[in-house]
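Participant: return atomic coordinates for the entry below.
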Amino acid sequence: MRTLCAWRVKMRVRATAIAVVLGLLWTLANAHQPASATAQQQNPLFLQAQAIGEQVASSSAPGDVKAGFAQRFEALAAEQQNLWSLAGQVDSGQCADTCLDDYNNRIVAWQDSLVQFAAEASSALPQGSAQVTMENRTGQTLDLYIDNQQQCRALMNLFCTSQTSSGFHLVIARSGELVVAAESVNLQPGESYTFAAQ
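Facilitator: Modelled structure (predicted):
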């Protein structure tokens, strides 16, 4: 049985990896847009947290657990509204002195909270087994990683399959240290998920 300490380490590693993959992609995609325009777009981390929160709400988890996650998500949604309002001040020039730094720091803290929420809410869902199949559509050998743990290897244009638990995972296809493809997934018990790397 895993200790609580090991679980926390795993959640921290998983949260960091997901923040790097999703948060960086969202930031790069909106790098040249006004702050208000960027803020009004739904952050993929928020959408993911929302989807997992809805699954917890409709699951067989105890009522107090559901209520706790519902309250936490309401706070995250409220912070999103606050950030939208602050983004308008940034664009209008009303944001002076350390205001812009405060805004950026709040964005980072909010995204970290979303990742942590998604990881903890996922762990509250009933657990089962699932599997991930990586289709290697490249001309090189790829390794499949699930939550930063190497699982299997697929030669060029072949595939490999690994068993895992249901819930929230980060799947990565790597060629040595190079990340070829990465996805965050929320696997249902009994699900067989195909991850295409190309």
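Participant: residue 116: neighbouring residues, count only.
Facilitator: Other residues near residue 116 come to 17 when the count uses other CB atoms under 10 Å. C-beta coordinates here come from the backbone N, C-alpha and C atoms, glycine included.
Participant: give me the three-state assignment for residue 115.
Facilitator: helix (DSSP: H, G, I helix; E, B strand; the rest coil).
Participant: that one contacts residue 45, correct?
Facilitator: Yes: assessed by CB atoms under 8 Å, residue 115 is found in contact with residue 45 at 6.1 Å.
Participant: which of the two has more neighbours?
Facilitator: More crowded of residue 115 and residue 45, by other CB under 10 Å: residue 115, with 26 against 23.
Participant: mind pulling up the pLDDT for that one?
Facilitator: pLDDT for residue 115: 87.
Participant: same thing with the one 10 residues further on?
Facilitator: Model confidence at residue 125, expressed as pLDDT, equals 81.
Participant: right, and it touches residue 57 too?
Facilitator: No: at 10.7 Å, residue 125 and residue 57 do not qualify as touching, with contact defined as CB under 8 Å.
Participant: okay, these two: which has more neighbours?
Facilitator: Neighbour count, other CB under 10 Å: between residue 125 and residue 57, residue 125 has more, with 19 against 14.
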